[in-house]
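# what's the 3D shape of this:
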Amino acid sequence: VGVATHDHIALKDANSVWTQKGFPIEPGFLNNLKSEFGAGVWQTDFDDDPAAAVRSVNAWVSQETDGQIPSLLQPSDVPQSTVAVLLNAVLFEAQWDAQLTDMSSGVFHAPGGDVSATYMSPSVGDSDYLSSFGPDLDAVQLAYWNGTGQHGNRPPSRYAALLLMPTSGSLGQFVGSLDVASLNGIIGGMSNQAVDPLVPESKISSSLQLAPPLQELGITDAFGPGADFSGLSTIATQISEVKQQATLSITKWGTVASAATAVVNTATALRETRSLMFNRPFLFMIRDTKTGAILFESAINNPADEG
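Numbers count the residues shown, from 1 in each chain. Modelled structure (predicted):
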C-alpha cells in the first residue's frame with residue numbers, strides 16, 4: 001500500500017489478491033506482490049459461498065477508497081470456477097489552492113439537453129491562472145494547496161487539475177484525437193492570465209466492464225484456455241472479467257477522485273479578467289506538474305450524472 005500525504009495531498013494506491021481456499025500461488029509471485037506492490041493476500045471461498053467472498057472483497061475496496069466505492073463486484077461477477085481476484089484501489093484527495101467559494105446558478109449544455117448547474121469560482125478577486133483560449137479549445141489549470149501558509153498566502157502543490165473544454169466539435173471527438181504530443185502542445189501553449197474560472201459542482205461515477213474492449217485491443221489469449229498465468233499458479237487459469245469503478249467529486253473545497261479495478265481469474269499589466277465558464281462537456285485531469293503524469297482523467301458530459 002502506498003500513501004502519499006506530502007504537500008497536504010492524500011494519494012493512496014493499494015493492491016490485494018483474494019484467492020480460493022487451497023489455491024496454490026507460486027512463491028515468486030507472492031514475494032513480488034509483497035515487495036513490489038505491497039499487496040496483501042487473503043483466502044476466501046468463491047466456490048461454496050460467493051456472496052460472502054464478494055462482501056469481503058467489497059469491504060476492502062470501500063476501506064481503501066474511504067467509502068467512495070462501497071461496492072465493486074456482484075456475485076454474478078465471480079463464477080464458481082473463480083480461483084483469484086486481483087484488486088487495485090486508488091484514492092486522491094486534495095484542497096484547492098484558491099478555494100472556489102463563490103457560488104452561482106447557471107445552465108450546462110449537456111449532450112442530452114441543457115441542465116441546471118451550480119457554478120463555483122474563487123472569491124479572491126482577479127487571479128492569474130495558467131490558461132489558454134482558442135477558436136476550438138479553452139483550458140485552465142487549477143492548483144491544489146500544499147498545506148503550508150495562511151489564508152491568502154497558500155502556496156500551490158505539485159498537483160493540479162487541468163480542465164480542457166472544446167468549443168467546437170464534441171468532447172468525444174476531442175478525446176479521440178488527444179495524444180501525448182497534442183496534450184503537451186496544449187500545456188506548452190498555456191500562460192498565466194487573469195481568469196475567473198467558473199467550474200460546475202460535479203459528482204459523477206462510472207462502472208465499466210473492461211473485458212470486451214481489452215479483447216478488441218488484441219488482448220485475447222488471456223481470456224481463453226491458452227492463457228499462460230504459470231507465474232501465478234501451477235493451476236491453469238484465465239481471465240473471465242475485468243471490472244472498474246471510478247468516482248469524481250469536484251466541490252468548492254477541492255477534489256476527491258477514486259478508482260477500483262478487479263481482475264477475476266478463473267480456472268482455466270492592467271488587464272481585463274476573462275471569465276471562463278465550463279458550461280459544456282469538458283475533460284478534467286489531475287496531473288503532476290513536475291513529472292507530467294496524469295493521475296486521473298474524466299470526461300464530464302453532465303456534472304450531475306451519477307450513473
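
# how about low-confidence regions in this structure?
Per-residue confidence for the chain (pLDDT under 70) gives these ranges: 1-8, 124-126, 151-152, 269-272, 306-307.

# let's go with 50 and repeat that
For the chain, the stretches flagged by pLDDT under 50 are 1-7, 269-270, 307.

# Would you mind measuring from residue 200 to residue 99?
Separation of residue 200 from residue 99 (C-beta to C-beta, to the nearest Å) stands at 16 Å. In this view, the C-beta of every residue, glycine as well, is placed from N, C-alpha and C.

# Looking at the two, which one has more neighbours?
The neighbour count for residue 200 versus residue 99, taken as other C-beta atoms under 10 Å, is higher for residue 200 (21 against 18).

# The more buried one is in contact with residue 115, isn't it?
No - Residue 200 lies out of contact with residue 115 (C-beta atoms under 8 Å); the separation is 9.5 Å.

# Overlap in contacts, these two.
Common contacts of residue 200 and residue 115, defined by C-beta atoms under 8 Å, 6 or more residues apart in numbering, comprise 108, 303.

# How about the backbone phi and psi for residue 130?
phi -60, psi 120 (degrees, to the nearest 10).

# excluding its backbone neighbours, what's nearest it?
Using C-beta to C-beta, 6 or more residues apart in numbering and skipping residues adjacent in sequence, the residue nearest residue 130 is residue 141, 4.2 Å away.

# next helix or strand past the strand or helix carrying the one you found?
In this assignment (DSSP states H and E), residue 141 forms part of strand 137-145. Per DSSP H and E, the first helix or strand lying C-terminal to strand 137-145 is strand 156-166.

# Contacts for that next one, please.
For strand 156-166, the external contacting residues (C-beta under 8 Å, 6+ apart) are 7-9, 94, 97, 136-147, 173-174, 186-187, 197, 199, 255, 278, 280-290, 295.

# If we use 7 Å, what do you get?
Residues from elsewhere that reach strand 156-166 (C-beta atoms under 7 Å, 6 or more residues apart in numbering): 7-9, 94, 97, 136-146, 174, 186, 199, 255, 278, 280, 282-290.

# Need the CA coordinates for that strand. CSV is fine.
Below are the C-alpha coordinates for strand 156-166, written out as CSV (Å, rounded to 0.1, in the frame of the first residue of the first chain):
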residue,chain,number,x,y,z
PRO,A,156,0.4,25.6,-4.5
SER,A,157,1.5,21.9,-4.6
ARG,A,158,2.9,20.0,-7.5
TYR,A,159,-0.5,18.6,-8.3
ALA,A,160,-3.1,20.5,-10.3
ALA,A,161,-6.4,20.0,-12.1
LEU,A,162,-6.4,20.6,-15.9
LEU,A,163,-9.7,21.5,-17.5
LEU,A,164,-10.0,21.2,-21.2
MET,A,165,-13.2,22.4,-22.9
PRO,A,166,-13.6,22.0,-26.7
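
# quick revisit: residues in contact with the residue nearest to residue 130?
So residue 141 contacts 129, 130, 160, 161, 162, 190 (C-beta under 7 Å, 6+ apart).

# make it 8 Å
129, 130, 131, 160, 161, 162, 163, 190, 289.

# Spell out the residue ranges of the strands in the stretch 151-300 of the chain.
With strands called from DSSP state E, counting those that start in this stretch, the stretch 151-300 of the chain shows them at 156-166, 191-200, 202-209, 237-250, 254-267, 274-277, 282-288, 294-300.

# Dump those strands to JSON lines, plus distance to residue 111.
Below are the strands of the stretch 151-300 of the chain laid out as JSON lines (distance: least, C-beta to C-beta, whole Å):
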{"stretch": "strand 156-166", "distance to residue 111": "12"}
{"stretch": "strand 191-200", "distance to residue 111": "15"}
{"stretch": "strand 202-209", "distance to residue 111": "14"}
{"stretch": "strand 237-250", "distance to residue 111": "18"}
{"stretch": "strand 254-267", "distance to residue 111": "22"}
{"stretch": "strand 274-277", "distance to residue 111": "18"}
{"stretch": "strand 282-288", "distance to residue 111": "12"}
{"stretch": "strand 294-300", "distance to residue 111": "11"}
